[in-house]
Each structure stands twice: as structure tokens, then as C-alpha cells.
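**Student:** Using only what follows, build the 3D model:
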Amino acid sequence: MTPSWFLMIQAFASGAQVISVVFLIGQLLLMRGQLLASQQNIISQQVELARQTNASIQTSKAANLFEVFKYLEEPRHLAARKIVDTLVDKDFNQWSREERDAADLVRRLWTIAPTLQRMNLLPPNYLQYYYGNTIMRHWRTVKPLVAELRCKTTSAICVEFEEMANEVDKLGWFAKGGDHRPKDRYNLFAEFVNEPDGYHQKLEGTPM
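**Tutor:** I've put the predicted structure just below:
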């Protein structure tokens with residue numbers, strides 16, 4: 001017959017094993033909960049970092065757009081553009097020194113601006129949309145001056161200006177003197193302008 005003290009020891013050992021298993025399971029569940037909480041915290045931090053990065057990018061784009069707009073609308077550029085608009089029907093050989101200087105400034109302006117757009121300092125199609133008609137008109141006017149300059153050098157002169165004018169012409173937004181631009185410019189520049197869902201603003205007439 002098994003002594004009672006031996007049975008008591010066996011019972012105690014079995015109870016201790018059960019308690020150990022229960023304790024181990026509890027510890028594993030606790031560790032799992034802590035791991036899930038840690039993962040959730042990491043995900044939340046990543047989401048917040050992405051939000052902050054996107055906000056920083058949008059702020060940077062807006063600042064770039066503002067600076068480029070100021071450059072395009074500088075008083076000297078506006079004055080030169082106004083002079084070039086008077087040369088549409090004037091023979092190139094009859095241009096005065098002031099008119100040639102104005103045309104030279106304009107051709108430089110519309111050569112630099114497309115470069116800035118291709119560097120993503122402006123949203124795609126921004127120049128085509130807001131300045132397209134002006135760019136085409138000015139290209140037709142200053143083309144004789146550009147041809148004269150190209151004859152004097154082997155360097156590519158005003159290629160960006162010419163390409164932009166051709167792009168606008170192919171878009172057909174200003175065909176036959178009309179205005180056929182897309183009316184919902186917020187969809188056109190969706191990657192640049194962040195507006196609330198469902199927000200649409202009807203395009204008002206934009207002077208060109």
C-alpha cells in the first residue's frame with residue numbers, strides 16, 4: 001500500500017504543475033497583448049508621420065507655386081508682355097530697340113517657366129491651363145527674333161518655349177480663338193490641390 005505521505009507529495013506536485021502551466025499561459029497572453037499594443041503604436045506613429053510628411057509636401061508645393069507666380073507676374077515681365085502683344089501685326093524688321101528688348105525678355109520668361117514646371121515646382125499642365133493662350137500668342141510673335149538668335153549659335157535657344165507652345169496647340173484648349181479648357185480644374189490638378197471630397201468650383205473666366 002502506498003504511504004499517504006507519498007500520495008500527498010504526488011498531489012502537491014501535480015497541483016504545482018497545473019499552477020505553472022496556468023501561470024505560463026497567463027504570461028504568454030500578457031506578452032501577446034503587449035506585442036499587439038506595441039505593433040498598434042508603431043502603426044499609429046507611421047500613419048502620423050505619413051500625414052505630417054504629406055502636409056509638408058503640400059506646403060512646399062504651395063510655396064513653390066507662389067514664388068513662380070510672383071516671378072511670372074513681375075512688373076517688368078508684365079510690361080514686356082504688354083509690349084509684345086502690340087507687335088502681333090508689326091514687321092519684325094521694323095521693331096524698335098525697346099520692342100526687341102521686350103521680346104527678348106518674354107522669350108526668356110517662357111523658356112524658364114516650362115523648365116520650372118518640368119522640375120515639379122508647378123503642377124503638370126498649370127502653365128498650359130492658365131498661360132497657354134498667352135504662350136502660343138507670344139511664340140508666334142517672337143518667333144522671328146528666336147530664328148535670328150538661332151542663326152548666330154549652335155546652342156539650343158528657346159526649345160522649352162517652342163515645345164510648350166506646341167503642347168498647348170495640340171491640347172486644343174484655345175482652338176479658333178475659343179476657350180475649351182476643362183471646367184473642373186481641381187480634378188485636372190488633383191495631385192496638387194487637396195480639396196474636400198465632393199468639392200468642385202466652377203471655373204470663372206480667366207483672362208489670358
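**Student:** Listing request: residues of the chain with sub-threshold pLDDT.
**Tutor:** 1-24, 26, 37-59, 61, 185-208 (pLDDT under 70).
**Student:** Show me where it has its helices.
**Tutor:** 4-72, 75-85, 97-118, 126-150, 159-171, 185-188 (DSSP state H).
**Student:** report the angle between the axes of the second one and helix 97-118?
**Tutor:** Same thing as helix 75-85. Orientation check (axes from the mean of the first three to the mean of the last three CA atoms, to 10 degrees): helix 75-85 against helix 97-118 gives 110 degrees.
**Student:** which helices and strands does helix 75-85 pack with?
**Tutor:** When contacts are defined as 3 or more CB pairs under 8 Å, 6 or more residues apart in numbering; DSSP states H and E, helix 75-85 sits against helix 97-118, helix 126-150. All C-beta atoms are positioned from the backbone trio N, CA, C, and that covers glycine.
**Student:** out of these, which comes closest to residue 81?
**Tutor:** helix 97-118 (5.8 Å; CB to CB).
**Student:** could you give the angle of the closest one to helix 159-171?
**Tutor:** 70 degrees.
**Student:** Any figure for the gap between residue 92 and residue 111?
**Tutor:** Plainly put, residue 92 is 19 Å away from residue 111 if you go by CB to CB, to the nearest Å.
**Student:** Cool, thanks, signing off.
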